[in-house]
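> the sequence and its predicted three-dimensional model are supplied below.
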Number of protein chains: 4
Amino acid sequence: MDIGFIGLGAMGAAMVANLLEKGHAVTVWNRSPTPVQDLAALGATPAGSVEKTLQGDVVFSMLADDQALQDVLLDSGALAKARPGLVHVNLATISVALAHDLVGRHARSGLGYVAAPVFGRPAVARTGGLNILAAGEAGAVARVTPLLEALAAKVWPMGEDPVRANVVKLAGNLMLVSAVEAMGEAAALGRAHGVPAGDLLDMLTGSLFAAPAYKIYAPMIVEERYQPAGFKLGLALKDVRLALAAGDAASLALPFASLARDSLLDAQAHGGSDQDLAALAGVSARRVSLADEA
Amino acid sequence: MDIGFIGLGAMGAAMVANLLEKGHAVTVWNRSPTPVQDLAALGATPAGSVEKTLQGDVVFSMLADDQALQDVLLDSGALAKARPGLVHVNLATISVALAHDLVGRHARSGLGYVAAPVFGRPAVARTGGLNILAAGEAGAVARVTPLLEALAAKVWPMGEDPVRANVVKLAGNLMLVSAVEAMGEAAALGRAHGVPAGDLLDMLTGSLFAAPAYKIYAPMIVEERYQPAGFKLGLALKDVRLALAAGDAASLALPFASLARDSLLDAQAHGGSDQDLAALAGVSARRVSLADEA
Amino acid sequence: MDIGFIGLGAMGAAMVANLLEKGHAVTVWNRSPTPVQDLAALGATPAGSVEKTLQGDVVFSMLADDQALQDVLLDSGALAKARPGLVHVNLATISVALAHDLVGRHARSGLGYVAAPVFGRPAVARTGGLNILAAGEAGAVARVTPLLEALAAKVWPMGEDPVRANVVKLAGNLMLVSAVEAMGEAAALGRAHGVPAGDLLDMLTGSLFAAPAYKIYAPMIVEERYQPAGFKLGLALKDVRLALAAGDAASLALPFASLARDSLLDAQAHGGSDQDLAALAGVSARRVSLADEA
Amino acid sequence: MDIGFIGLGAMGAAMVANLLEKGHAVTVWNRSPTPVQDLAALGATPAGSVEKTLQGDVVFSMLADDQALQDVLLDSGALAKARPGLVHVNLATISVALAHDLVGRHARSGLGYVAAPVFGRPAVARTGGLNILAAGEAGAVARVTPLLEALAAKVWPMGEDPVRANVVKLAGNLMLVSAVEAMGEAAALGRAHGVPAGDLLDMLTGSLFAAPAYKIYAPMIVEERYQPAGFKLGLALKDVRLALAAGDAASLALPFASLARDSLLDAQAHGGSDQDLAALAGVSARRVSLADEA
């Protein structure tokens, strides 16, 4: 199959490397050239233009946010020039509003559209161990499922409406951010009463909370190690904003999401948006330090 | 060993049944007589008075809250009449303030004191599958560890200061309540956009959140089934209040705990404190229903 | 002076009626025709098109939100055809982002731009009793100040940067929504302990809180009377979203704004966005009713 | 009339000085001796013991919190030795639970009990300008009203149940703390976009928010001047805790109160509980500084 891939950040590049390793031919494009060169060294074909990636059977996109997708695929006119019959697999976490818009645009252009947001960090993407949601017209999903299986430990079908996959992804990231905030507060409560964060989180993530969402972040929280970022704080904040907007559109208050957004803003003001999401726990940690000094 | 056991609610009774099944002799006391009779039928010895349970080698207590412990053991004068050398193992989740107080009282009376709060629901207690924290003077902990191991899948030593075990337990319950609230909001967000709660939570608790804390509550949330209660909402609310008080004592704000308390109060106003903690998710579910009707 | 006026909702129509009464000639335009006819009966000149309102000395706009302004003045091309030298007085509460954008556009087109957001309800606007902020280039502000004084009890100069007036307006509305939420919670606390809301709010708004923000909303809260709307809940929600966005752009968490947004969403899910902002207090009032029944 | 006065902190001492100036004879008691000596110099009679203050016609108490009242009047046995027929006027803000308890105790001892919590700062108390709530049995209230009028600009009758006055006071302080937090966030939003806090708050407290609650705190917020304290942060925190407890007892969530409590804890961790309540705005101010530096 003739595969295009647009967007070679940490996640996108890892997925392409994995596809190449498994013998797939991949034509790649990115706004900045360095990752294109790096992947070319591994066997990828540089595309020269976005349009080139849209002339094959399948194109994956993994762009940072709604604005990036808008710029690269829509405002540029590139999507309108795609080969009819192409299936576009959007791996990124986008807004529910844009998801609705994309469904209509692809249908009108005779293109397949599969929403396939992913759970996992770059190291997991590199080895094909992601969890990938897949929603879209059944035929389109069937065509790309073998490729998604190359990328994923498990593919989770979410029905025919692509928007559903986006909503599940946003809900999952809301749960993830909530788990990190909860660990941050729990660790702070322990520390305020003399229990080291490691003792507390080792126990809890070794029993009731023995799940990847907790086991990935607990060590970073314990060590207050927020670099390098596996999941950037700024992207987590973006996703919480999207969850809030999706709730707002349905007059649905999401109190933890609101509060998580505020804590993420505090964390961002402290160390910037390029820290790992684990830095969210630093907001609570600083509260304890302050009280200790007082 | 001569074992006493005070407090035969759902959890206490299940633990005693488990001990009896494993061949231990247990002298039991409870404020209301029915569970005493039930356990007597399984081989337990009714104590007649609280003091009687305090004359052996070890006494376990599993009382509902600070006030119950204050009434039964302190204001009654019973603890003051305990056999010197007795080790008191407090399985309940109590306030940090009372925990400090109990440490001093036992020391002055020549009694051992082990804080051993437990994680797990009655069915798990019945089969000895709990996770139990244990903190106290090393000799006392060593003496009761074989008994704790009869009750637990795993005993987690937490050092010599009993207060530490209480803090870890409160922090763990805060994380648990947070997980339930987060699932409730995630499910509501899905439902507001057409994704059934089951599809959403099956995916998330089958991947990133594949941990007992999530897997126990997700089915109840999906089915909006809040009876019978494994962990009563009113007790969860009590524990969140204790976590907030422990934070307050250290000038530490715990934003998720504050918000969880408010949501628990809403849930309690709706269906009462005897529902399962899962009813917390009903607060978000009602928000979606309302918006659907509007 | 040749005055145009765009946007004849409840506030805009009241302001125009006031200007007409004071002898000003006003050319008016609105997307729906009814208010144009009503004001024509009072002596206004119907404009036929938006462009017509932009050919005089001054044009006021009072459009519902960013999108309405974008549609009516920008995407339509109308602003680009305005008479050079015209001063545009924007009375509406818009986003900080759009405010920045408008400053640049007017400068490039040789137009004056004065941000003049208003505080006050329609009945107050009708009699020229508003409080109006005014920020913009000094010459432009000077030219329109006599007209603003016809509309206002007081004009508050806010300097040369129009964005400043928008920020003050958003901050003020955040304080207003906070005052209503606080009254709602206070009244609920009273009622839960047997104190009628009227007794409680009469005392407080007759002493420490004897200010318009409180005195306007207290009677509606006491009587649970949310129609007709002086300040629509949906518009208050819009403004809180804008305040949150302005905070977010500066990595600034605004915890009350987050919480107010969630309560406004609950109120909106109950009775719709056309209720008065006072309906926010209904969220707390329902909590008491529920607990009373339980 | 023979007047006793217990509790000579900043507020109590100012009230006594005002009573003395108006020609009343006052017998005073305080746990620490300095304020007793200061007031004796103005003409007050030192009591020697608490019991002495309880032998006249009326005794006022203005003790810091529930615990102080419990220690001084109840656990000491002093109240039990009061002259039958004495009317006790409790000026302090106490918990709803203690208010209920005191009603019963006074009735059983043949004492009158009037709950008369006050609004106002020490300087206002000194000149008799307080707002005072008054609730209790009608005859008792009638007897002490002339004295309350000496202390107050206005006395607000709140019916026969003393608890009602306590609830109104707690609700009022919740509104006050909310106003300060709202001003803090509004000022921060302005500053983050280049508007000095003074410009913003002068406008708002000169129009919609022209009430004492705002005008007292705005200058302190603008100048970030949190000493000397008129209303101590620690006492405001105490009152918010009491409001939360009163809500909790009725299964009533008070979201602004929860959030205000968390912000007050942050403020307390920064500068201590002896700062003025205005220091609450420092939490938001620090957020802006941090973002400015980032």
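Yep, that arrived.
> C-alpha from now on. contacts and neighbour counts both.
OK.
> just for the stretch 151-294 of chain A, where's the confidence low?
Applying pLDDT under 70 to the stretch 151-294 of chain A flags the ranges A:291, A:293-294.
> would you list every one of the helices in it?
A:162-192, A:197-205, A:212-223, A:233-248, A:255-271, A:280-293 (DSSP state H, counting those that start in this stretch).
> please identify the most buried of the ones you listed.
Stretch with highest mean neighbour count among the helices of the stretch 151-294 of chain A: helix A:162-192 (a mean of 28; mean count of other CA atoms under 10 Å in any protein chain shown).
> and the closest residue to chain D within the stretch 101-250 of chain A, how close does it get to C:Leu74?
Relative to chain D, the nearest point of the stretch 101-250 of chain A is A:Ala192 (12.3 Å; CA to the nearest CA). Going from A:Ala192 to C:Leu74 by CA to CA, to the nearest Å gives 55 Å.
> same question for A:Asn166.
As for A:Asn166, its distance to C:Leu74 is 32 Å (criterion: CA to CA).
> give me the neighbour count for A:Gly43.
For A:Gly43, the count of nearby residues is 18 (other CA atoms under 10 Å in any protein chain shown).
> mind checking the SS state of it?
coil (DSSP: H, G, I helix; E, B strand; the rest coil).
> what's the answer for A:Met15, then?
Per three-state DSSP, A:Met15 ends up helix.
> partner strands of the strand or helix carrying A:Phe5, with direction?
Taking DSSP states H and E as the criterion, A:Phe5 maps to strand A:3-6. The pairing partners recorded for strand A:3-6 under DSSP bridges are strand A:26-29 (parallel), strand A:58-61 (parallel).
> just how off-centre is the last one within its chain?
Mean C-alpha position of strand A:58-61 versus that of the full chain (CA atoms, centre = their mean, to the nearest Å) differs by 16 Å.
> got it, and stretch A:285-294?
Taking mean C-alpha positions (CA atoms, centre = their mean), stretch A:285-294 and its chain are 33 Å apart.
> please save the CA atoms from that stretch in PDB.
Backbone C-alpha positions of stretch A:285-294 (Å, rounded to 0.1, in the frame of the first residue of the first chain) are rendered in PDB as follows:
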ATOM      1  CA  ALA A 285       4.500  20.000  45.800                       C
ATOM      2  CA  ARG A 286       5.200  23.700  46.000                       C
ATOM      3  CA  ARG A 287       2.300  24.200  48.300                       C
ATOM      4  CA  VAL A 288       3.900  21.800  50.800                       C
ATOM      5  CA  SER A 289       7.300  23.400  50.500                       C
ATOM      6  CA  LEU A 290       5.800  26.800  51.200                       C
ATOM      7  CA  ALA A 291       3.900  25.500  54.300                       C
ATOM      8  CA  ASP A 292       7.100  23.800  55.500                       C
ATOM      9  CA  GLU A 293       9.000  27.100  55.400                       C
ATOM     10  CA  ALA A 294       6.200  29.000  57.000                       C
END
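> rewinding a little: of the strands paired with strand A:3-6, which stretch is the most buried?
Counting by mean count of other CA under 10 Å, strand A:26-29 has the highest mean neighbour count of those, with a mean of 27.
> quick check: mean pLDDT of that one?
For strand A:26-29, mean pLDDT rounds to 98.
> pull the distance from it to the chain's centre.
20 Å.
> check stretch A:179-195 too.
Taking CA atoms, centre = their mean, one finds stretch A:179-195 lying 26 Å from the centre of the chain it belongs to.
> equivalent analysis for stretch A:28-46, please.
Centroid displacement of stretch A:28-46 relative to its chain, using CA atoms, centre = their mean, is 21 Å.
> pull it out as PDB, backbone CA atoms only.
Presented in PDB, the C-alpha positions along stretch A:28-46 are these (Å, rounded to 0.1, in the frame of the first residue of the first chain):
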ATOM      1  CA  VAL A  28       6.600  11.700   4.600                       C
ATOM      2  CA  TRP A  29       6.100  15.500   5.000                       C
ATOM      3  CA  ASN A  30       6.700  17.900   7.900                       C
ATOM      4  CA  ARG A  31       6.800  21.600   8.300                       C
ATOM      5  CA  SER A  32      10.400  21.700   9.500                       C
ATOM      6  CA  PRO A  33      12.800  19.600   7.500                       C
ATOM      7  CA  THR A  34      15.000  17.900  10.200                       C
ATOM      8  CA  PRO A  35      12.700  15.000  11.000                       C
ATOM      9  CA  VAL A  36      12.100  14.400   7.200                       C
ATOM     10  CA  GLN A  37      15.900  13.900   6.800                       C
ATOM     11  CA  ASP A  38      16.100  11.700   9.800                       C
ATOM     12  CA  LEU A  39      13.400   9.400   8.500                       C
ATOM     13  CA  ALA A  40      14.700   9.500   5.000                       C
ATOM     14  CA  ALA A  41      17.900   8.000   6.500                       C
ATOM     15  CA  LEU A  42      15.700   5.100   7.700                       C
ATOM     16  CA  GLY A  43      14.100   4.600   4.300                       C
ATOM     17  CA  ALA A  44      11.200   7.000   4.100                       C
ATOM     18  CA  THR A  45      10.600   9.000   0.900                       C
ATOM     19  CA  PRO A  46      10.500  12.800   1.400                       C
END
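> got the buried residues for that stretch?
A:Val28, A:Trp29, A:Asn30, A:Arg31, A:Pro35, A:Val36, A:Leu39, A:Ala40, A:Gly43, A:Ala44, A:Thr45, A:Pro46 (16 or more other CA atoms under 10 Å in any protein chain shown).
> quick one: A:Ala135 from B:Ser263, how far?
Distance from A:Ala135 to B:Ser263, by CA to CA: 33 Å.
> ok so, going back, columns distance to D:Asp57 on top of the strands paired with strand A:3-6, output as JSON lines?
Shown next, in JSON lines, are those (distance: least, CA to CA, whole Å):
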{"stretch": "strand A:26-29", "distance to D:Asp57": "90"}
{"stretch": "strand A:58-61", "distance to D:Asp57": "84"}
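> nearest to A:Asp199, of the ones you listed?
strand A:58-61 (41.6 Å; CA to CA).
> list of residues touching that closest one?
For strand A:58-61, contacts defined as CA atoms under 8 Å, 6 or more residues apart in numbering or on different chains pick out A:1-7, A:53, A:86-92, A:144.
> would you put the C-alpha positions of that strand in CSV?
Provided in CSV are the C-alpha atoms of strand A:58-61 (Å, rounded to 0.1, in the frame of the first residue of the first chain):
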residue,chain,number,x,y,z
VAL,A,58,-3.8,6.0,2.8
VAL,A,59,-2.5,9.1,4.5
PHE,A,60,-1.9,9.4,8.2
SER,A,61,-1.8,12.8,9.8
